[in-house]
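Participant: predicted model, plus sequence, below.
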Amino acid sequence: MNSNTQTRCGTHLSMNDSTTGILRPITSLATARYGKLLSIYSYHAVIPPASLTAPSSLGIQTEWKSYPHPEGQLYFHRRLPNYDVVTEANIHRQETEDRVSGCLKSIDDRILQQQIKVPPSSELYIELDESPFACAYYFVNHDTRRIFWLEQTSTELLDMGTIVSDSHLDTALQRLYWVHVEFFPMHMAAEVSPQVVDALIGVMSHGAADRLTSRSSTFPYTAEKCNQLLQLLSLQRGRTLDGHTLCFVARLWGAIENQRFMTYYGQEHAQLDRLQIMTPEEDMDHEWVKTIANLALWGIPDRYLLELRDLFANEQVFVDQWQVFMTGCISEWHTAVVWAFPVITATILSCLLSRASVSSALPSILSASGSLATGSILLLKHHGLEDATASFAARYLRAAKSRSIGMLPSAIVFSLPKGLYLWSIVFMVAHFLLLASHVVGGFAMFGGACFLILLVWAALYVTSPDEYDQNSILSKILCRWHSIQGDSLGAGPPV
C-alpha cells in the first residue's frame, strides 16, 4: 500500500519540482509512532551549582513549541497563518527542522498551485521518511472532526477497509481523527468542548446496559470495564479538559468509532448482533475431511468449529469472548493431560500380569500418549493467550483460517487431546475385558461388556442432549433414539 502511494505522489510532484519533496498521504494509524527503531545514546554530564543552573535554551529561539505526550513521547507544535502543524520529528536538531521546513514548503506549493482552500481549523501532521526529500502527511479538520488529504486517494491505498456508503466513510475518517487527537492532545486540550465527555458518558452508559442485558452485544467493552471507565469520566464531567484527560477520552472515542465502522453503525443494514453474519461466507471445501474428523474424534471438532466461527464472525474478535474460549480450551487440554497419566500407568501395570497381552494394551498406551503429547504442545503454544488483546486474537485467528476449509484445521488440532483420551479409555476397557476373559471365561466377559454398555447408555439417556452440544455425534444418536421412542409410544391401536 505504501509503495503504491509513494509512486503515485512521487510521479505527480517530480513533474513540478523535484527539489520540493515527495508527499505521501498516510493515516493517523499508519504512522511510525509505535514502530520506530530506537537507538538511545546516554552519557554522563557535569552538573553546575544550583545558583548557576539556567533553564534549557532549547526551543527558545524557534517558533515551535514542544509538548510531552502523557505516554512520554515528545512532539512539536507550530501555528502557521493557514493551519497548525504537529510532528514527532525532533525540531531541536537543525537538520531535522530544515527537512520539516522543506516539507511545509512542498505542501504550501501544492496548496498554491492547485488553489486548495484549507479549512481554518485544520492541523497538519508531518512524518519524515528515510529519503531526505520525502515526507508523509495528513490533515485533520477540528470543526468537522475528519481527516483529509490534498490529493485524491482511496481507502485501498490507505488500508482503511471497504465501505458501503459515504456516511460509512465518514465514520472511518472520524475514527482516524480521534486517533490523531489521542496522539497529540496537549496543545489543544483547552480548545475542545467538555461536551465530548458528556456525550461519551452517554454512549458508555448505554454500552454497559447493552452488555448487561444482551449476551451478543456489539459494544467493544464489557459491562465491568464500562463501569470502571464511567467512574473515570464522571470525575472529569463539567471540567475544562487537560491534555491527559483528552488523551484517554480521544482513545475511547476512537475505539467506539472503530466499532461503529465495523458494525455498519447508521447504515441501512447495521450489525445488531455479534453473531450476525454481514457478508456471505464461502462454502467449505472438502466436507469429507470434516466428516472423517468428527467420526474419529467423537464429534468434538464440530463443537470447536462452531465456537471458532462464532468467535471470528465477520472477522471480528471481542476480547471477553476470546478469553472465555481460550480459558475453556486450556482447561480441557490440561484435564486431558492430567487424566492421560493414570490411563498409561494402569495399562502398563496390567501388562505385568501373567496372562496379559501387550498387543491389546498398545492401542490404549498410544492413544493416551498421543493425548498427553498433543495436550502438552497446545498448552505450551497457548500459554498466556487467555489474556491476549483483541487485536492479537484477530491476527491469530486470521492466520489460522484456511482459505479452503476455514477453521477446520484448528478445530481438529484442538480436539486431539480430549478425543485421543476418550479412545484410550475405550481401548483400556477393551484390554481389561480381554484380560478378564482369560480368567473368568468368554461368556462372563461378554456379560460384563453388555453391563458396561448398558451403564453408558443409561448415563447418556438420562443426560438430555438438549442441554449440551447439539452437533456432537452422541447427541445426534440420542436425539434419533428419542424420536424413535416417541414415534413408537405415540403410535396406538386405530380407533
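Facilitator: Ah, there it is.

Participant: below-threshold pLDDT in the protein: ranges please.
Facilitator: 1-21, 51-62, 283-284, 439-442, 444, 460-495 (pLDDT under 70).

Participant: what do you get if the cut-off is 80, keeping everything else the same?
Facilitator: By pLDDT under 80, the low-scoring segments of the chain are 1-21, 36-39, 50-62, 280-286, 354-356, 436-449, 451-495.

Participant: could you pull out the buried residues of stretch 24-42?
Facilitator: Residues of stretch 24-42 classed as buried by neighbour count (16 or more other C-beta atoms under 10 Å): 24-31, 33. Every residue, glycine included, has its C-beta placed from N, CA and C.

Participant: and the residues you listed, which two are furthest apart?
Facilitator: Across those, no pair lies farther apart than Pro25 and Arg33, at 16.7 Å, counting by C-beta to C-beta.

Participant: now distance to Leu349 and secondary structure too, for the buried residues of stretch 24-42, in CSV please.
Facilitator: Output for the buried residues of stretch 24-42, formatted as CSV (distance: C-beta to C-beta, whole Å; DSSP: H, G, I helix; E, B strand; the rest coil):
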residue, distance to Leu349, secondary structure
Arg24, 71, strand
Pro25, 71, strand
Ile26, 67, coil
Thr27, 65, coil
Ser28, 65, coil
Leu29, 61, coil
Ala30, 63, coil
Thr31, 64, coil
Arg33, 61, coil
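
Participant: relative to Cys351, which of those is nearest.
Facilitator: Using C-beta to C-beta, those come closest to Cys351 at Leu29, 61.9 Å.

Participant: please name the nearest non-neighbouring residue to the closest one.
Facilitator: Val179 (5.7 Å; C-beta to C-beta, 6 or more residues apart in numbering).

Participant: same thing with His180?
Facilitator: Ser28 (4.2 Å).

Participant: where along the stretch 51-200 of the chain do the helices fall?
Facilitator: Here the stretch 51-200 of the chain has its helices, by DSSP state H, counting those that start in this stretch, at 94-113, 166-183, 195-213.

Participant: nearest to Tyr67, out of those?
Facilitator: Of all the helices of the stretch 51-200 of the chain, helix 166-183 comes closest under C-beta to C-beta, at 11.1 Å.

Participant: and the closest one, what does it pack onto?
Facilitator: strand 134-141, strand 146-148, helix 243-262 (3 or more C-beta pairs under 8 Å, 6 or more residues apart in numbering; DSSP states H and E).

Participant: tell me the contacts of the residue nearest to His180?
Facilitator: 125, 138, 140, 147, 176-177, 179-180, 183 (C-beta atoms under 8 Å, 6 or more residues apart in numbering).

Participant: check His142 too.
Facilitator: 121-123, 188, 191.

Participant: please redo it, this time with the cut-off set to 7 Å
Facilitator: Counting by C-beta atoms under 7 Å, 6 or more residues apart in numbering, His142 touches 121, 123.

Participant: ok, the one 5 residues further on next?
Facilitator: With contact taken as C-beta under 7 Å, 6+ apart, Ile147 is in contact with 27-28, 138-140, 173, 176-177, 180.

Participant: out of the residues you listed, who's the most crowded?
Facilitator: Per-residue neighbour counts (other C-beta atoms under 10 Å) across the contacts of Ile147 peak at Val140, which has 28 neighbours.

Participant: would you check that it makes contact with His180?
Facilitator: Yes - using C-beta atoms under 7 Å, Val140 makes contact with His180 at a distance of 5.1 Å.

Participant: what is the burial count for Thr335?
Facilitator: If we define neighbours as other C-beta under 10 Å, then Thr335 has 14 of them.

Participant: how about it: what's its closest non-neighbour residue?
Facilitator: Spatially, and ignoring its direct neighbours in sequence, Thr335 is nearest to Lys418 (7.9 Å; C-beta to C-beta, 6+ apart).

Participant: before we move on, what about His77?
Facilitator: His187 (4.3 Å).

Participant: wait, doesn't that neighbour sit right on Arg78?
Facilitator: No - between His187 and Arg78 there is no contact under C-beta under 7 Å: 9.7 Å.

Participant: run through the residues that contact the residue nearest to Thr87 when sequence neighbours are not counted.
Facilitator: Using C-beta to C-beta, 6+ apart and skipping the chain neighbours, the partner closest in space to Thr87 is Ile126 (4.5 Å). Ile126 sits next to 85, 87, 89, 100, 103, 135, 137 when contact means C-beta under 7 Å, 6+ apart.

Participant: pipe the residues you listed into a markdown table and attach distance to Val197 and neighbour count per row.
Facilitator: Below are these laid out as a markdown table (distance: C-beta to C-beta, whole Å; neighbours: other C-beta atoms under 10 Å):
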| residue | distance to Val197 | neighbour count |
| --- | --- | --- |
| Val85 | 27 | 21 |
| Thr87 | 28 | 24 |
| Ala89 | 31 | 17 |
| Val100 | 33 | 22 |
| Cys103 | 35 | 26 |
| Cys135 | 34 | 24 |
| Tyr137 | 30 | 22 |
